[in-house]
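Undergrad: Okay, sequence plus prediction incoming.
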Amino acid sequence: MHVWTRAASGVAAGVVALAAHGEIIPVSVSDFEYSPSVIAAAPGDTVRFQWVSGFHTVTAGVDCSYDGVGFNGPLYAGSPVFDVVIPEDATDEIPFFCLPHCSFMTGTIVVATAPVCPADLDGSGSVDFSDLLQLLSVWGPCEDCDADLDGDDSVGFNDLLAMLAVWGPC
Ligand SMILES: [Cu+2]
């Protein structure tokens, strides 16, 4: 993340805005499972647990033991939605369970951390000429490619500017 805070240009700010933050990720809660039970989320996302049937909870912890600091909310007909917002300082994995059914009704939120230096395409620890060449080699429409730094499914001038804005060691 330090890459983007260091670069004070509007281009870099645009990259941050396009990052997958603030998504709402639905999880249905029925008898007796979370679906999905392994949930990929990023800091700033909201995992929205939605009641389907039964009486359950969404409780942070492992081995039937609430961790005492994380989320702990009920889910039943009278309280059908429970939101968990992933904090910026979340650990890599947040295990949770249902208090009444904790021996088998469990799940995990897997927290994706932002790449430290997305413009370092070759992973050399530095944004340099070889990254620039790699970007230019995939210039044009491009789905899910690393050089598409602003995520618009095309490698173009904005991506080039984003790379130049963080030029140098990561
Ligand atoms: Cu339950």
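TA: Cool, the structure landed. Numbers count the residues shown, from 1 in each chain.

Undergrad: Tell me what the residue nearest to Y66 when sequence neighbours are not counted is bridged to.
TA: Leaving aside its chain neighbours, Y66 sits nearest to T59 (5.2 Å; criterion: C-beta to C-beta, 6 or more residues apart in numbering). Every residue, glycine included, has its C-beta placed from N, CA and C. On the basis of DSSP bridges, T59 is bridged to N72, F97.

Undergrad: V69: how many residues sit nearby?
TA: 8 (other C-beta atoms under 10 Å).

Undergrad: I should have written V155 there, sorry.
TA: So V155, with other C-beta under 10 Å, has 23 neighbours.

Undergrad: Check the spacing between it and the ion real quick.
TA: 47 Å (C-beta to the ion, to the nearest Å).

Undergrad: Next up, the contacts around that residue.
TA: 135, 138-140, 142, 145, 147-148 (C-beta atoms under 8 Å, 6 or more residues apart in numbering).

Undergrad: What are the buried residues along stretch 50-67?
TA: Neighbour counts over stretch 50-67 (16 or more other C-beta atoms under 10 Å) mark 51, 54-61, 66 as buried.

Undergrad: quick one: terminal-to-terminal distance for that stretch?
TA: One end of stretch 50-67 sits 22 Å from the other (C-alpha to C-alpha, to the nearest Å).

Undergrad: Contacts for that stretch next, please.
TA: Counting by C-beta under 8 Å, 6+ apart, 26-32, 34, 49, 68-77, 79-82, 84, 94-103, 105 sit against stretch 50-67.

Undergrad: Pull out the buried members of these.
TA: For the contacts of stretch 50-67, buried by 16+ other C-beta under 10 Å: 27, 29, 34, 49, 70-72, 74-75, 82, 84, 94-99, 101-102, 105.

Undergrad: Those in strands, which ones?
TA: 27, 29, 34, 49, 72, 74-75, 82, 84, 94-97 (DSSP state E).

Undergrad: now these in CSV, with pLDDT?
TA: Shown next, in CSV, are these (pLDDT from 0 to 100):
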residue, pLDDT
V27, 98
V29, 98
Y34, 98
F49, 98
N72, 97
P74, 97
L75, 97
F82, 98
V84, 97
I94, 96
P95, 97
F96, 98
F97, 98
